[in-house]
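Student: Okay, predicted coordinates and the sequence, questions at the end:
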Amino acid sequence: MSPEPLLVIDHLVKRFGAFRALDEFSLVLAPGEILGLVGPNGSGKTTCINVVSGLYAPDGGEVRFAGRPIGGLAPHRLVHLGINRTFQVPKPFLTLTVRQNVEVAITYGRSAHGPVEAGALLASLDLAEFAERPAGALNGAQQKMLDLARALATGPRLLLVDELAAGLNPAEIERVALRLKELSRSGIALLVVEHLMGFIGQITDRVIVVNAGREIFEGVLPDAIRDKRVAEVFLGADDAG
Amino acid sequence: MPRLWRHAITVVLPLVGAMAVLPALYSNHLLLFNFVVFMLLAQGVNVIYGFTGYLPFGYVGFFGTGAYGFSLMVVHLATPPLLALVAGGAAAVLLGLLLTPLLRLSGAYFSIANLAAALAVLQVVSNPDLQDITAGPYGIALNGIYEPTLAYAAALAILAATLMTVIYLRNSRFGMALQAIREDPISAGMAGINVVRGRVIAWLISALIAGLAGSVFAWYVSVFYPETVFGTDFSIFAIVFALFGGPATVVGPLLGVIILYGIYNAIGITTPQYFQLIYGLLIMVLVLFLPNGLASLMRRWGVDVP
């Protein structure tokens, strides 16, 4: 018997004008599971994360977290329920110090497991030596780690990871992969959007391939690569088979 | 000692103390009073712009509303001045509540809409059809409450309370949350901060400060026209002073007022052409080299700026 799902996305629709970014999209995510969301640019992966994290309200269908509908709730309320995310382009609070960036999330995040310790969190993401510097002094990769630290400071049960590995060097990617696997072992459910298939293959239990707002494949990555429809979407119909 | 109390002792006590003693040494009391008023307005701008990121070109709207709130209570209900001060502050907070939808706008759109709102309030107040209530364009003349010493003391009390509020914001997690909202509202929401509530609280605090400043101004001068208390110069001066000194600090806006308003009074009225030249150059140098004000220069020298 599989564990109770933590996140259920049920026939979710998100429109921008006439464009359906998500078209009856569904998925289920269990605690401790790492689910990869892959697909071409513009297929709706980030839109899905934006709806679950409260940036957009859904136009149809339902999002349930731990059994309760959460579609349309304000982001800070979702954070308090135990949802957090990283951003494709991280936007830390540049004039605050690295430590203050994390402290403000610890204070307002209301982690269910009690307050997170700022120093230990920063150390776990190799940010301890920069703690007293303004976040604006960090490089791109470090800002991504700080964005992850901000998310973890709120003690999430569900973490939505939007292209965290993109732009990192191989050693950094390796460290991020290990860190995400540790998080999943501690019971956090992860929904990972990523274009780097090596990274996806290394950390995910399962992937969903999205195209034009719809699911076209669900299963493990090696099977996805052999799937005819997936090949059509990524390589074009003429090259398939 | 916590930073909050250290800042209170190193900033509030000397400043309010000096402003309390100065009338005994210097005869131009109106000028001293104006310094206090601009310190209040610059700190009010600091709360909503320095900490929260909204540039209020129509900030004077709260000042004028406070002045009229105070005066109407005195004229129509013969309210004692100290009580009318509270009413003036409350009137500005009410206007602030009415204008909260403006906070949905950002950047220049907010600034322009705020400017328009302040002009709208001026037009309502100075409407000749409301002459029975607001005296319309003929202005206010308050009788029987002229008590400049007490009004000055009240202004100093408001200044002390305002500075304590800003010191709290400078040293508290709430102030840090406001700055997080200023830096990036989406990330702030994802840090668990209630972005809308934070902005509204900062906006109303800022409105209250200007409303109290306007009330005590009305009390002190007793005679004024609508254009006096809704003059755009108040907004511009308060913003320039706050920016010049350093937003999101306690001493920055105060330094801005002391230096720039000092220069204004030294040469701005006698030789306005030199004043405008110096002013323009100072502001250009600041924007180019010190966009975060004098405080950022001091910070570069290693001073822990309160």
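Tutor: Structure received. Numbering: from 1, shown residues only, chains lettered A, B, ... in the order given.

Student: okay, now residue B:278: neighbour count?
Tutor: When neighbours are defined as other C-beta atoms under 10 Å in any protein chain shown, residue B:278 has 16 of them. The C-beta positions use only the backbone N, C-alpha and C, and glycine is treated the same way.

Student: which non-adjacent residue is nearest it?
Tutor: Distance criterion C-beta to C-beta, 6 or more residues apart in numbering or on different chains; nearest residue to residue B:278, sequence neighbours excluded, is residue B:263 at 6.4 Å.

Student: quick one: what helix or strand has that neighbour in it?
Tutor: helix B:262-263 (DSSP states H and E).

Student: Check which helices and strands the helix or strand following that helix sits against.
Tutor: Later in the chain than helix B:262-263, the nearest helix or strand by DSSP H and E is helix B:272-289. Here helix B:272-289 touches helix B:232-245, helix B:262-263, going by 3 or more C-beta pairs under 8 Å, 6 or more residues apart in numbering or on different chains; DSSP states H and E.

Student: Which residues in helix B:272-289 does the neighbour count mark as buried?
Tutor: Buried residues in helix B:272-289, counting neighbours by 16 or more other C-beta atoms under 10 Å in any protein chain shown, are found at B:275, B:278, B:279, B:286.

Student: Residues contacting the next helix or strand after that helix, please?
Tutor: Going down the chain from helix B:272-289, the next helix or strand is helix B:293-300, by DSSP H and E. Identification of contacts with helix B:293-300 by C-beta atoms under 8 Å, 6 or more residues apart in numbering or on different chains yields B:243-247, B:249, B:251-252, B:255-256, B:259, B:286, B:290, B:305.

Student: Likewise for stretch B:110-118?
Tutor: Applying C-beta under 8 Å, 6+ apart, the contact partners of stretch B:110-118 are B:54-61, B:64, B:99, B:102-103, B:105, B:230, B:232, B:235.

Student: same thing but 6 Å
Tutor: The contact list for stretch B:110-118 (C-beta atoms under 6 Å, 6 or more residues apart in numbering or on different chains) reads B:54, B:55, B:56, B:57, B:58, B:60, B:61, B:99, B:102, B:105.

Student: Can you point out the buried residues in that stretch?
Tutor: B:110, B:111, B:113, B:114, B:115, B:117, B:118.

Student: for the stretch 51-200 of chain B, what spans make up the helices?
Tutor: Along the stretch 51-200 of chain B, counting by DSSP state H, counting those that start in this stretch, helices occupy B:60-77, B:81-98, B:107-125, B:131-134, B:148-171, B:173-183, B:185-189, B:195-221.

Student: worst average pLDDT in the ones you listed?
Tutor: Here the lowest mean pLDDT among these goes to helix B:131-134, at a mean of 91.

Student: Work out the gap between it and the centre of the chain.
Tutor: 27 Å (C-alpha atoms, centre = their mean, to the nearest Å).

Student: Break chain A into its domains for me.
Tutor: Listed domain ranges for chain A are A:1-82+A:157-241, A:89-155 (source: automatic domain parsing).

Student: Now stretch B:131-147: buried residues?
Tutor: B:134, B:135, B:139, B:140, B:142, B:145.

Student: list the contacts for the fourth one?
Tutor: What that stands for is residue B:140. Going by C-beta under 6 Å, 6+ apart, residue B:140 touches B:71, B:224.

Student: now the contacts of helix B:293-300 as a markdown table including pLDDT?
Tutor: Output for those, formatted as a markdown table (pLDDT from 0 to 100):
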| residue | pLDDT |
| --- | --- |
| B:243 | 92 |
| B:244 | 92 |
| B:245 | 93 |
| B:246 | 92 |
| B:247 | 93 |
| B:249 | 95 |
| B:251 | 95 |
| B:252 | 95 |
| B:255 | 95 |
| B:256 | 95 |
| B:259 | 92 |
| B:286 | 83 |
| B:290 | 86 |
| B:305 | 83 |
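
Student: Just the buried residues from those residues, in PyMOL please.
Tutor: Remark: buried members of those, expressed as a PyMOL selection using 16+ other C-beta under 10 Å:
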select buried, chain B and resi 243+244+245+246+247+249+251+252+255+256+286+290+305
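
Student: Just give me the closest of the contacts of helix B:293-300 to chain A.
Tutor: Chain A has its nearest neighbour among those in residue B:247, at 10.0 Å by C-beta to the nearest C-beta.

Student: Give me the secondary structure label for that closest one.
Tutor: With DSSP: H, G, I helix; E, B strand; the rest coil as the basis, residue B:247 sits in coil.

Student: ok, for it, nearest residue in space, not its chain neighbours?
Tutor: With C-beta to C-beta, 6+ apart as the criterion, residue B:247 has its nearest non-adjacent residue at 3.0 Å, and that residue is residue B:50.

Student: I figured the one you found hits residue B:245, correct?
Tutor: No - contact criterion C-beta atoms under 6 Å: residue B:50 and residue B:245 do not qualify, at 9.5 Å.

Student: distance between stretch A:77-86 and the chain's centre?
Tutor: Counting by C-alpha atoms, centre = their mean, stretch A:77-86 comes out at 11 Å from the chain centroid.

Student: could you check whether it is close to chain B?
Tutor: Yes - judged by C-beta under 6 Å from any C-beta of the partner chain, stretch A:77-86 comes into contact with chain B through residue A:79.

Student: got the buried residues for that stretch?
Tutor: By 16+ other C-beta under 10 Å, the buried positions in stretch A:77-86 come out as A:78, A:79, A:80, A:81, A:82, A:83, A:84, A:85, A:86.

Student: ok so, going back, can you list the helices and strands packed on helix B:272-289 in a markdown table and add distance to residue B:199?
Tutor: Below are these laid out as a markdown table (distance: least, C-beta to C-beta, whole Å):
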| stretch | distance to residue B:199 |
| --- | --- |
| helix B:232-245 | 18 |
| helix B:262-263 | 33 |
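
Student: what does stretch A:172-192 contact?
Tutor: Residues from elsewhere that reach stretch A:172-192 (C-beta under 6 Å, 6+ apart): A:6, A:29, A:31-36, A:141, A:158-161, A:164-165, A:199, A:202-203.

Student: Which ones among those map onto strands?
Tutor: A:29, A:34, A:35, A:36, A:158, A:159, A:160, A:161 (DSSP state E).

Student: So which of the residues you listed is the closest to chain B?
Tutor: Checking the ones in strands among the contacts of stretch A:172-192 one by one against chain B (C-beta to the nearest C-beta), the nearest turns out to be residue A:160, at 9.9 Å.

Student: got the residues of the stretch 51-200 of chain B near chain A?
Tutor: B:173, B:176-177, B:180, B:183-184, B:187, B:189-194.

Student: Filter these down to just the buried residues.
Tutor: Among those, the ones that count as buried by 16+ other C-beta under 10 Å are B:176, B:177, B:180, B:183, B:184, B:187, B:189, B:190, B:191, B:192, B:193, B:194.

Student: Look at residue 202 and say how many residues are nearby.
Tutor: No chain in the question, so chain A it is. By the criterion of other C-beta under 10 Å, residue A:202 has 17 neighbours.

Student: wait, I meant chain B there
Tutor: Neighbours of residue B:202 under the rule other C-beta under 10 Å: 26.

Student: for chain A, what spans make up the strands?
Tutor: A:7-16, A:19-29, A:34-38, A:60-65, A:68-69, A:83-85, A:158-162, A:189-193, A:206-211, A:214-219.
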